[in-house]
Structure formats: structure tokens, C-alpha cells
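1. Predicted model, plus sequence, below.
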Amino acid sequence: MTTEDTTGGLLGKVAGKAKEAAGSLTGQNDLAREGRLQQAQSDAEVQAKQDATEARQREQEAEVEQKKTDNEIERERLRAEVAEADREKQIERDRARAEQQAAEQAAREKQAAATSERAGEQAAAQQAGQAGVEHAREAAEADRLEAEAARAAKTADTIDPEER
């Protein structure tokens, strides 16, 4: 029995088949057995390489899936941030709109109060003017009545001078 280093892979398989065939033809069972072992070892190496390749591929696929998941999580986080920023902007717009409406309402109320005050002042002035006119009219009427009374007294004195 000889111990030699065997080549693996496809070349090792071919060498193993050759050894097996040579051993079978020559009746050297050890050589035939060594050829079969070399073929099995080559098959195992090929399978191991294939398994390693598949494992690397599954690992890479898992990494890709993890990256996809991480990206989706990040995308959702960013969406949430954007939505929150949009909500804050809307709240700020609503607050500004409410303040503007309150300021406009206050301005309208102030204008209405000023208009009402002017109307009251005009009404008071008009009433004062009417009262002044009425007072003047009454004073003129009083003067007229006094003059008439004086004329009547004069006429009465003329008619009956002693009664006075």
C-alpha cells in the first residue's frame, strides 16, 4: 500500500477513476480502493465547495434582506419624522390663522366701538343742538309773551289807568 497525496476536485476524480480502473485490471485491490477513496474525497471536496458557495450565497441573501429591512425601518422612521414635521407646520399655520382671525375680530370690534361712540357723540351733539334750538325758541316765546304781556298791561293802563 502506497501513501501519496491525492489531488482533489475534478482532476482528483479523474485520477481516482484511473487508479480504480488500473487496480481492478491488475488485481491490485488496494489501488482500486485508493482510487474509489480519491473519487469520494473529490466528490466530498466538490460538495463542500458547493455547500460553502451556497452558504455564502444564503449569507449574502440574508445580508441583503437585513439591509432591506433596515432600509424599510429607516424609511418608516423618516416618514414618521416628515409626518411629524408636517403636523407641526399645520399646527403652526392653524395657530397663526387663529391669531390673525382674533386680531381681525378685535379690529372689527374696536372699529364698531369707535363707530358706536361717534354715533353716540353725534346723537348727543344733535340732541344738544336741538335742545339749544328749543331753548332759544322757548326764550323767544318767553320774550314774545313778556312783550305781549307788557303791551296788554299798557293797553290796560290806557283803558283804566288806576287799576294798576
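-> That came in fine, so what should we check first? Residues are numbered from 1 along each chain as shown.
2. Name the single longest helix found in this structure.
-> Longest helix of the chain, by residue count under DSSP state H: helix 29-159.
3. elements contacting it?
-> If you count contacts as 3 or more Cβ pairs under 8 Å, 6 or more residues apart in numbering; DSSP states H and E, helix 29-159 packs onto helix 9-26. (C-beta placed from N, C-alpha, C; glycine too.)
4. re earlier: any idea of the angle the longest helix of the chain forms with helix 9-26?
-> Going by axes from the mean of the first three to the mean of the last three Cα atoms, to 10 degrees, helix 29-159 is angled at 160 degrees with respect to helix 9-26.
5. quick one: average pLDDT of helix 29-159?
-> Across helix 29-159, pLDDT averages out at 93.
6. How far away from the center of its chain is that helix?
-> 12 Å (Cα atoms, centre = their mean, to the nearest Å).
7. just stretch 17-28 next, same as before
-> Worked out by Cα atoms, centre = their mean, stretch 17-28 lies 81 Å from the chain centre.
8. From the centroid of the protein, which residue is nearest?
-> Asp86 (1.5 Å; Cα atoms, centre = their mean).
9. From Asp160, how far off is it?
-> 108 Å (Cβ to Cβ, to the nearest Å).
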